[in-house]
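1. Just to be clear, the model below is a prediction. Sequence and coordinates:
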Amino acid sequence: MKILFAASEDAWGGFLNRVKKLLPDHEFIAAGRFGITDLTGIDILIPTMSKVTEDTLKTADRLQLIQQCGAGLELVDINAARERGIPVANVPSDISGNADSVAELAIYLMIGLSRNVEMMKDSLEKGIMGGPMGIALKGRTVGIVGLGGIGKALINRLRPFGVNLIGIKRSNPVQAQKDLCMDWVGGPDSLDILLKQSDYVVLCLPLNSDSQGLINEDAFKKMKKGSFLINVSRGGLVDYRALKTALKEKIIAGAGLDVFWEEPPDIADDIFKYNIMATPHIGGATDISMQGIATSVAENIDRIARGKVPVNQAFG
């Protein structure tokens, strides 16, 4: 089977090579960049961070599966794929080790902002010991928006820090509060309550039409003074202009971002002169996560090759 990997061959630490080793009898093509224009002759598409539009799908003459190497399917036109009978599948974050890795990165960003990594560098260069003064996590309130695989992994890792845990869950928030032993959980219409109480607002929810631009100008104004925003999910959850204003006017103390309004972001953008701790979309880029995702991707490709139905489909 001919498999198109819509990214450079060395993306995410050589993820493609992991899949190749598991499927040595198949032909793999790396697009070399994000972006797909022609699917002629392709049996399997791994879209990564590339858009899969209706126009692109019109070029598919034998496509049997769109298999994402992660959980996010917001760039795939699901309806267009469904109309053409092309299965679309992902790798849920809680079955691959991805959720654990993303949760670890979220805590890294929280601590880095709290202990002021930028000022640490400045202090070392100037020979200043004992500074900067940091902010301890103990006793702070962490608001987690989205209590799926990543949110749950984050909760488990934050408990030893002695923080107060509150959250937002799309469905059954009362049950989620009980099951996850959290201090408070509300539904989507209770986001304002979480924003007003949280010292750290961590975004762990998927991007869709309901969550696009969720953290906008109004949301920033409701955030607690001196709080931090952490986004390890998707850049589209946060309104770029509103974020820039919130940082410039010190409505919030800073932001930890693993995802951006465009990827890759322009590092010359003056938004980065404000208190942003940024990482290049590496939340799931760990040895354990990549191997787990590669195994799941390879298993679904193998299922297609054997005439079986793929698992973890976006639609039945």
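-> Nice, I can see it. Not measured: the values here are computed from a predicted model. Numbers count the residues shown, from 1 in each chain.

2. Met158: which element?
-> You called it Met, but residue 158 is Leu. Here Leu158, judged by DSSP states H and E, is contained in helix 149-158.

3. and the next helix or strand along the chain from that helix, what other elements does it pack with?
-> Under the assignment DSSP H and E, the closest C-terminal helix or strand after helix 149-158 is strand 164-168. Judged by 3 or more Cβ pairs under 8 Å, 6 or more residues apart in numbering; DSSP states H and E, strand 164-168 is in contact with strand 141-145, helix 149-158, helix 173-180, strand 184-186, helix 191-197. C-beta coordinates here come from the backbone N, C-alpha and C atoms, glycine included.

4. Helix or strand with the lowest mean pLDDT in the chain?
-> None of the helices or strands of the chain scores lower by mean pLDDT, DSSP states H and E than helix 117-126, at a mean of 89.

5. distance of Ile232 from Leu165?
-> Wrong residue type there; residue 232 is Val, not Ile. Using Cβ to Cβ, to the nearest Å, Val232 is found at 16 Å from Leu165.

6. how close does Ala176 get to Arg140?
-> Distance from Ala176 to Arg140, by Cβ to Cβ: 21 Å.

7. again with Asp302
-> For Asp302, the distance to Arg140 (Cβ to Cβ) stands at 46 Å.

8. circling back: residues making contact with the least confident helix or strand of the chain?
-> With Cβ atoms under 8 Å, 6 or more residues apart in numbering as the test, helix 117-126 has contacts from Ile128, Met129, Gly131, Pro132, Asn275, Met277.

9. Now with 6 Å, please.
-> Applying Cβ atoms under 6 Å, 6 or more residues apart in numbering, the contact partners of helix 117-126 are Gly131, Pro132.

10. on that earlier part again, can you pick out the residue with more neighbours from Asp302 and Arg140?
-> Set Asp302 next to Arg140 and count neighbours by other Cβ atoms under 10 Å: Arg140 wins out with 19 against 16.

11. who are the neighbours in contact with the more buried one?
-> Arg140 is in contact with Val163, Asp199, counting by Cβ under 6 Å, 6+ apart.

12. Please renumber the chain so that the first residue is 467 from this point on.
-> With the count now opening at 467, the last piece we talked about shows up as Arg606.

13. Can you read off the pLDDT for it?
-> As predicted, Arg606 sits at a pLDDT of 98.

14. so how far is Lys644 from it?
-> For Arg606, the distance to Lys644 - Cβ to Cβ - is 23 Å.
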